[in-house]
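Visitor: Next comes the sequence, and after it the predicted model I'd like to discuss.
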Amino acid sequence: MQSTQQVRKMVYSSLMAALTAAGAYIAIPIGPVPIVLQNLFVLLAGLLLGGRWGLTSVGAYLLAGAMGLPVFSGGTGGIGKFVGPTGGYLLGFAAAAYLVGVLSEYGHGRVIVDVLAMIVGTLIIYVFGVSWLKVVTGMSFSKAISVGMLPFLIGDAVKIAVAIPIVKALRPMLNGTFGVVRAAG
Amino acid sequence: MIHRLDPRTKQAILMGISVVSVWGQTAFLASFSIMMILCFRSAGIRISDFVREIRYFLLFLLFIYGLRTITIDSNWIPFFSLESAGDAMVVCWRLLLIVMMGVLLVATTRTAHIRAAMIWYLGPVPVVNEKMAATMVGMIVRFLPLILFRGGEISDALRARCIEQRKNPVVRTVKFTIVLFRRIFLDADEFALAMQARCYNEQRTLPKLTFTRIDVIAVAMVFLLSFSILFDTCVSPIFLLFHFG
């Protein structure tokens, strides 16, 4: 039998992957570029589950998409998405979740470290995403940045602002007090 | 016939159609819909039961349709365009069909067989722990409707507590998300406990899977269906020629 902690972490990772999939469907059309909640959940996976399990969660999400489940943005899926123009962002999600998780583990729940970790994670997503976009489309680097990064930055700031209260509310519960909450409720 | 198909064939068909449907427009989606209705009849699943089962998902599709159709421009003025309404319809239609296919797969295949098929596919992939990965992908499929169901419940509860009175969208989003996360993590915790209580272990004996002639017929039918995508790619330029020419 596997350890209780490992089974719980595996179930939570799957849940975060399912949330990332649900977030990919929702595009909030504010301003010229819609805000997609997918990368909010990727950052949350790193913050709530830590580096290793955050990476596992995003890995499971990418695997589900590669197998054809409609979990990527716009309800698409399939291995072809990885070689398309947005494939770099997908790979960047895995690196970002791992890095955000590792950094926030070092910070021991301090808000400033969490914010910095999310900023670094967001930048990592763009490093992968914009580089791949440049390779696939043959655009210049400045044009790739103006198309694939700059329009999304305001939305990313909003997501980081939303993530902080969520993490503050959920972290104590994920540290093993769920049983008490359920018994009391 | 669908019950007798090998789960590996069903998953291959799911993967193949998901990839092809990205390029599919009205003709492909219409022929695919007819095939799905026939498959549902053959599997003994009533459409009314299916609709009742996915009612929250249908509301969610409606929500996506609204979000994709009504756009707010750089001057913060909402506007409706026929083109985005058509695109939104295709996206929602595609999502619904993929969900129908997922439901058909789950309804006609034992969970152990689905997992065994996924392990068979992931076996040759290096680094990946195929047994854990297969279990996790299975859980993602199970959790998606649960998230949507809980989301529907929480929206109703927040409306009953006059959430519309709060004008700040960030506050509303945070209030919704924290409650949603709390509820689904509690569900996940119970799920993990249930797995522990049943002595969950990765090293389980896998069921034996065998390909038969029916699998070849099914793959051939799907291959033929995929040709309807050519109507989309051919009809669209002809339509444009008549329309603008």
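Guide: Here it is on my side, so go on. Everything numeric here is computed off the predicted structure, so don't read it as measured data.

Visitor: Now do the helices in chain A.
Guide: Remark: helices assigned in chain A by DSSP state H are A:4-25, A:38-66, A:80-83, A:87-107, A:111-137, A:141-148, A:153-172, A:178-184.

Visitor: again, but for chain B
Guide: Under the criterion DSSP H, helices of chain B are mapped to B:7-21, B:26-43, B:47-53, B:55-69, B:82-108, B:111-122, B:130-160, B:169-197, B:213-226, B:229-244.

Visitor: still on that earlier bit, out of the helices of chain A, which comes closest to B:V125?
Guide: B:V125 sits nearest to helix A:38-66 of all the helices of chain A, at 9.1 Å, using Cβ to Cβ. For glycine as for every other residue, the C-beta is placed from the backbone atoms N, C-alpha and C.

Visitor: and B:L148, how far is that from chain A?
Guide: From B:L148 across to chain A, the span is 7 Å (Cβ to the nearest Cβ, to the nearest Å).

Visitor: So what's the residue count around that residue?
Guide: By the criterion of other Cβ atoms under 10 Å in any protein chain shown, B:L148 has 21 neighbours.

Visitor: How much space separates the residue nearest to A:M149 when sequence neighbours are not counted from chain B?
Guide: Spatial nearest neighbour of A:M149, chain neighbours left out: A:Y126 (4.8 Å); criterion: Cβ to Cβ, 6 or more residues apart in numbering or on different chains. In this view, A:Y126 and chain B are 22 Å apart by Cβ to the nearest Cβ.

Visitor: Contact partners for A:Y126?
Guide: Residues in contact with A:Y126 (Cβ atoms under 8 Å, 6 or more residues apart in numbering or on different chains) are A:92, A:148-149.

Visitor: Out of the helices of chain A, which is the most enclosed?
Guide: Most buried of the helices of chain A, by mean neighbour count (mean count of other Cβ atoms under 10 Å in any protein chain shown): helix A:38-66, with a mean of 25.

Visitor: Tell me which residues touch the spatially most central residue of chain A, please.
Guide: The structure's chain A has its C-alpha centroid closest to A:V42; by Cα atoms, centre = their mean the separation is 1.1 Å. A:V42 sits next to A:20, A:58, A:93, A:96-97, A:121, A:125 when contact means Cβ under 8 Å, 6+ apart.

Visitor: for those, which one is nearest A:I160?
Guide: Using Cβ to Cβ, A:G121 comes nearest to A:I160 of those, at 9.4 Å.

Visitor: before we move on, the earlier item: reformat the contacts of A:Y126 as JSON lines; add pLDDT.
Guide: As requested, the contacts of A:Y126 are exported to JSON lines (pLDDT from 0 to 100):
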{"residue": "A:G92", "pLDDT": "93"}
{"residue": "A:G148", "pLDDT": "81"}
{"residue": "A:M149", "pLDDT": "85"}
